[in-house]
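Q: Build me a model:
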Amino acid sequence: MKNASVVLYASLAILASLVLAGIVAPEWLENITSNTQSFITNSFGWYYLGLVSVFVAVCIYLLVSPLGRIKLGKPEDKPEFSRLSWIAMLFSAGIGVGLVFYGTFEPISHYAISSPTGELGTDQGIKDAMRFTFFHYGIHPWAVYGSVALALAYFTFRKGELSLISRTLRPLIGKHADGLVGKIIDIIAVISTIMGVGTSLGFGAIQINGGLSYLFDVPNNIAAQAVIVAIVTILFMASALTGIGKGIKILSNLNMGLSAFLFLVVFALGPTLFILNLFVDTLGSYMQNLINMSFRIAPLNEEARSWINAWTIFYWAWWIAWTPFVGVFIARVSKGRTIREFVVYVLLAPTLISFLWFTTFGGAAITTELSGFSISSLLPEESLFGVLEGYPFSMGLSILAIFIILTFLVTSADSGTFVLGMMTTNGSLNPSKQIKAIWGIFLSGIALALLYSGGLQALQNTMIIAALPFSIVIAVMVISLLKALHKEEKELRSSQLRNTKKQKTAGK
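A: Numbering: from 1, shown residues only. Prediction:
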């Protein structure tokens, strides 16, 4: 295969073993992942919270420091995509299915099922539910994505390195970035990526199945989910073969447009005034309590700690596991932007969109619950369709929602095969169709293996496990990036000083 590296074959061997275990011994795999997940969340929860908060601090530092003026590319490089298409692509790749799956379920769960503060079913419970939902989809995940993407874009387009995770560590490990150590780092990144994207594919298949079951009584089981995964695979493979400038760009713009339409319908025909008031109030509460939420680990409250493990730690692990995929992809489409522009848009634009989405769909779910129709009693994957049932043209809106989930799935998987192709062909910016096809098949295989071995819980367990080793890599990447940026800034200042002295000498 053209440009295939040892990273490809080693990663395929590891993943093939996992798929085989999911098929041959699903109960054993479920037990292993469950026990490992429990150990990690109980022993390393403090680590996840602290690390992600550090990434937020680093992004803010780069935003306000002189380093922000450095361009992700050569001085003459211009952005390849318009700002709107750029935002659509990074948003679709970075949030995608999670936004639709948890848009109604998370707020209603925090309000009526398991509260982060113990305030179930109260007015304060509504505020707490929305505040923690904002926290999980706010600047923290985008700081994780942004840190990795910045490092990759800087070293690839500014320093001319191959677009590989290992090459971002050259300032720290030198020639070892090209050797065995670098290969191991890239393998970890590939495993983390395919777990992250495969998990999202599984989530999407569950929700599409839930929607079809809710609307048309289609059986909600692994067989139906396998058919859905197969259909999604055919669609994203067809898209992947058209390249980033066509398939991914068109799909990203399409699902952003359809999502905006569904959002506007729910906002306009739902409890509009309540949604607006809830948005403003929650935004203020989010900013006011951000530091406290960032480090909340509840060492003396077992019930609160259990909630943090199930939600916050799970989310932080999900974002970390997604970072090699999202980071490589965002870096690929961000050439020509300055670091300051990058940080502003990557941190704030998707965060604001997420806040508006969750307030609208979460607010609609809560008001529906208060009206007497129990959204909280539905399965997680059915909650969105339960909310839409109370709207005019509910069947059409529900079918549209299923199509949006499908396009998000196809976009994420399409982007995933592209990124995995880059990572396993020595950083090729245009991996071959054959390589992308191989990764497309493995993405679907991983999703099916996890669904078969334990469903939703297996998906969540695997995310937390896959994130731990790569979180260490990200931390080192950030240190390497800061070291390289400070070195360049020092060289730029020295060069400017020399030029100033020459001009003064010439003037004399």
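Q: so after the helix or strand bottoming out on mean pLDDT in the chain, what's the next helix or strand?
A: None of the helices or strands of the chain scores lower by mean pLDDT, DSSP states H and E than helix 83-94, at a mean of 75. With elements assigned by DSSP states H and E, the helix or strand that comes after helix 83-94 is helix 97-112.
Q: May I have that following helix as CSV, with CA atoms only?
A: The C-alpha trace of helix 97-112 is given here as CSV (Å, rounded to 0.1, in the frame of the first residue of the first chain):
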residue,chain,number,x,y,z
VAL,A,97,-23.2,13.2,17.3
GLY,A,98,-22.7,14.1,20.9
LEU,A,99,-24.7,17.3,20.5
VAL,A,100,-27.7,15.5,19.1
PHE,A,101,-27.5,12.5,21.4
TYR,A,102,-27.2,14.5,24.6
GLY,A,103,-29.0,17.7,23.5
THR,A,104,-32.2,16.7,25.3
PHE,A,105,-31.1,13.8,27.4
GLU,A,106,-28.3,15.4,29.5
PRO,A,107,-30.3,18.4,30.8
ILE,A,108,-33.4,16.3,31.6
SER,A,109,-31.2,13.6,33.2
HIS,A,110,-29.5,16.2,35.5
TYR,A,111,-32.9,17.7,36.4
ALA,A,112,-35.0,14.6,36.9
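Q: Could I get the full set of strands for the protein?
A: For the chain, no strands are identified by DSSP state E.
Q: so where's it uncertain?
A: Within the chain, the stretches with pLDDT under 70 are 1-3, 92-96, 240-249, 252, 455-456, 459, 504, 506-508.
Q: coming back round to it: the least confident helix or strand of the chain vs helix 97-112, what angle?
A: Helix 83-94 and helix 97-112 are oriented at 60 degrees to each other (axes from the mean of the first three to the mean of the last three CA atoms, to 10 degrees).
Q: How far away from the center of its chain is helix 83-94?
A: 12 Å (CA atoms, centre = their mean, to the nearest Å).
Q: Touching that helix from outside, list them.
A: The contact list for helix 83-94 (CB atoms under 8 Å, 6 or more residues apart in numbering) reads 79, 81, 141-142, 145, 248-249, 251-253, 255-256, 322, 325-326, 329-330, 333-334, 345-346, 349-350, 353, 408, 411-412, 415. For the C-beta atoms, the positions are set from N, CA and C on the backbone; glycine is no exception.
Q: Out of these, name the ones that lie in helices.
A: Of the positions in these, 141-142, 145, 249, 251-253, 255-256, 322, 325-326, 329-330, 345-346, 349-350, 353, 408, 411-412, 415 sit in helices, assigned by DSSP state H.
Q: What sits closest to G363 if chain neighbours are left out?
A: I275 (4.4 Å; CB to CB, 6 or more residues apart in numbering).
Q: Isn't that neighbour up against F361?
A: No - judged on CB atoms under 8 Å, I275 makes no contact with F361 at a distance of 9.3 Å.
Q: Tell me which of these two has more neighbours.
A: Neighbours per residue, other CB atoms under 10 Å: of I275 and F361, the larger number sits with F361, 29 against 21.
Q: how near is that one to F355?
A: 11 Å (CB to CB, to the nearest Å).
Q: swap in I40?
A: Per CB to CB, I40 is found 29 Å from F355.
Q: Please list all residues in contact with F105.
A: Residues in contact with F105, defined by CB under 8 Å, 6+ apart, are A365, P380, E381, S383, L384.
Q: and these as a markdown table, adding neighbour count?
A: Below are those laid out as a markdown table (neighbours: other CB atoms under 10 Å):
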| residue | neighbour count |
| --- | --- |
| A365 | 30 |
| P380 | 19 |
| E381 | 23 |
| S383 | 29 |
| L384 | 32 |
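Q: Helices - which of the residues you listed land there?
A: Under the assignment DSSP H, the contacts of F105 contribute A365, S383, L384 to helices.
Q: Find the nearest non-adjacent residue to I14, please.
A: Counting by CB to CB, 6+ apart, I14 lies nearest to I191, which is 6.2 Å off, once chain neighbours are set aside.
Q: Same question for H136.
A: Excluding the flanking residues, the one nearest H136 by CB to CB, 6+ apart is Y315, at 4.7 Å.
Q: Tell me how many other residues crowd I222.
A: Neighbour count of I222, defined by other CB under 10 Å: 18.
Q: quick one: it and S114, what's the gap?
A: When CB to CB is the yardstick, I222 and S114 sit 26 Å from each other.
Q: Grab the nearest non-local neighbour of G390.
A: T368 is the one closest to G390 (CB to CB, 6+ apart), at 5.8 Å.
Q: Let me see the contact set for that neighbour.
A: By CB under 8 Å, 6+ apart, the contact set of T368 is I375, G386, V387, G390.
Q: Now find how far off-centre the longest helix anywhere in the chain is within its chain.
A: Using DSSP H to define each element, the chain has its longest helix at helix 433-507. Centroid displacement of helix 433-507 relative to its chain, using CA atoms, centre = their mean, is 13 Å.
Q: now stretch 144-153
A: Distance of stretch 144-153 from its chain centroid, counting by CA atoms, centre = their mean, is 12 Å.
Q: Residues contacting it, please?
A: 52, 55, 58-59, 62, 72-73, 90, 94, 163, 165, 168, 316, 319-320, 322-324, 326-328, 330-331, 334-335, 337, 339, 342-343, 346-347, 474, 477-478, 480-481.
Q: Just the CA coordinates for it, please, in PDB.
A: C-alpha atoms of stretch 144-153 as PDB (Å, rounded to 0.1, in the frame of the first residue of the first chain):
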ATOM      1  CA  VAL A 144      -8.200  20.200  24.600                       C
ATOM      2  CA  TYR A 145      -8.900  20.100  20.800                       C
ATOM      3  CA  GLY A 146      -7.300  23.500  20.300                       C
ATOM      4  CA  SER A 147      -4.100  22.500  22.100                       C
ATOM      5  CA  VAL A 148      -3.500  19.500  20.000                       C
ATOM      6  CA  ALA A 149      -4.500  21.200  16.700                       C
ATOM      7  CA  LEU A 150      -2.300  24.200  17.400                       C
ATOM      8  CA  ALA A 151       0.700  21.900  18.000                       C
ATOM      9  CA  LEU A 152       0.100  20.000  14.800                       C
ATOM     10  CA  ALA A 153      -0.700  23.000  12.600                       C
END
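Q: quick one: the closest residue to E30 other than its chain neighbours and K74, what's the gap?
A: Once flanking residues are discounted, E30 sits nearest to G454: 3.9 Å by CB to CB, 6+ apart. Applying CB to CB, the value for G454 to K74 is 48 Å.
Q: Comparing these two, which residue is more hemmed in?
A: Ranked by neighbour count (other CB under 10 Å), G454 and K74 place G454 first, with 21 against 11.
Q: That one and W28 touch, don't they?
A: No - using CB under 8 Å, G454 is not in contact with W28; the gap is 10.8 Å.
Q: List the contacts of the residue nearest to L397 when sequence neighbours are not counted.
A: Among residues not flanking L397 along the chain, L388 sits closest, at 4.7 Å (CB to CB, 6+ apart). Under the criterion of CB under 8 Å, 6+ apart, the neighbours of L388 are V266, S394, L397, S398, A401.
Q: again, only using 6 Å
A: S394, L397, S398 (CB atoms under 6 Å, 6 or more residues apart in numbering).
Q: Of the residues you listed, which qualify as buried by neighbour count?
A: Burial by neighbour count, 16 or more other CB atoms under 10 Å: within the contacts of L388 this picks out L397, S398.
Q: Please convert the contacts of L388 to JSON lines, extending it with distance to L468.
A: Output for those, formatted as JSON lines (distance: CB to CB, whole Å):
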{"residue": "S394", "distance to L468": "42"}
{"residue": "L397", "distance to L468": "40"}
{"residue": "S398", "distance to L468": "38"}
